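Q: Give me coordinates for this.
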Amino acid sequence: MTIYKGKSVSKMGVVEGEALVTKDLIAFWAGTNWETGEIVEIGHEARGKNVTGKILVFPKGKGGAGETFGYYYLARSGKAPQAMVCNSGLGQTVAGALLVNTPMVYGFKEDIVGAINTGDIVRIDTDKGEVEVIKKKGS
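A: The predicted model follows:
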């Protein structure tokens, strides 16, 4: 098993769940439906996929000041991901995770998006800033 070391937004213990991976940046303001959790951005490779309850793995957030509020609205409706894992942390996305207490690890030496596949079961230890793939999809 490979453990990927990053930076944790806050210490919230261990979270485990199914990964939803996208190579595209995520916009929580206008790119995600806050009431359903579905990615709705036109042209997004994960359009139609739902982030609710998943370990969302993506390069980084995109957008401006509204990004934090978009994530807040998503969480307020109960449709936020269980946790977020990013190659790099956009300040507004980090702020959104902090605002609603979503576990988030970012800033890996490796390309974390390329290391995890949709459907993999991953464990995130926010106290250590570590992400581990514990079961590959189909195995």
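Q: The residue most central in space within the chain: which element?
A: By C-alpha atoms, centre = their mean, the chain has its centre lying nearest to Met84, at 2.4 Å. Secondary structure from DSSP states H and E places Met84 in strand 83-86.
Q: Check which helices and strands the next helix-or-strand element following that strand sits against.
A: Tracing the chain C-terminally past strand 83-86 and defining elements by DSSP H and E, one meets helix 91-100 next. Contact partners of helix 91-100 among helices and strands, from 3 or more C-beta pairs under 8 Å, 6 or more residues apart in numbering; DSSP states H and E: helix 66-76, strand 83-86, strand 104-106. C-beta here means a position set from N, CA and C on the backbone, and glycine is covered the same way.
Q: can you pull the alpha-carbon coordinates of the strand holding Met84 into PDB?
A: These are the backbone C-alpha positions of strand 83-86, laid out as PDB (Å, rounded to 0.1, in the frame of the first residue of the first chain):
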ATOM      1  CA  ALA A  83     -13.700  14.800   2.200                       C
ATOM      2  CA  MET A  84     -11.500  16.500  -0.400                       C
ATOM      3  CA  VAL A  85      -8.100  15.600  -1.700                       C
ATOM      4  CA  CYS A  86      -6.300  18.000  -4.000                       C
END
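Q: Quickly run through the sheet partners of it, with directions.
A: According to DSSP bridges, strand 83-86 forms sheet pairs with strand 55-58 (parallel), strand 104-106 (parallel).
Q: can you put these in JSON lines and add mean neighbour count and distance to Asn117?
A: JSON lines is the format used below for the strands paired with strand 83-86 (neighbours: other C-beta atoms under 10 Å; distance: least, C-beta to C-beta, whole Å):
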{"stretch": "strand 55-58", "mean neighbour count": "26", "distance to Asn117": "9"}
{"stretch": "strand 104-106", "mean neighbour count": "26", "distance to Asn117": "17"}
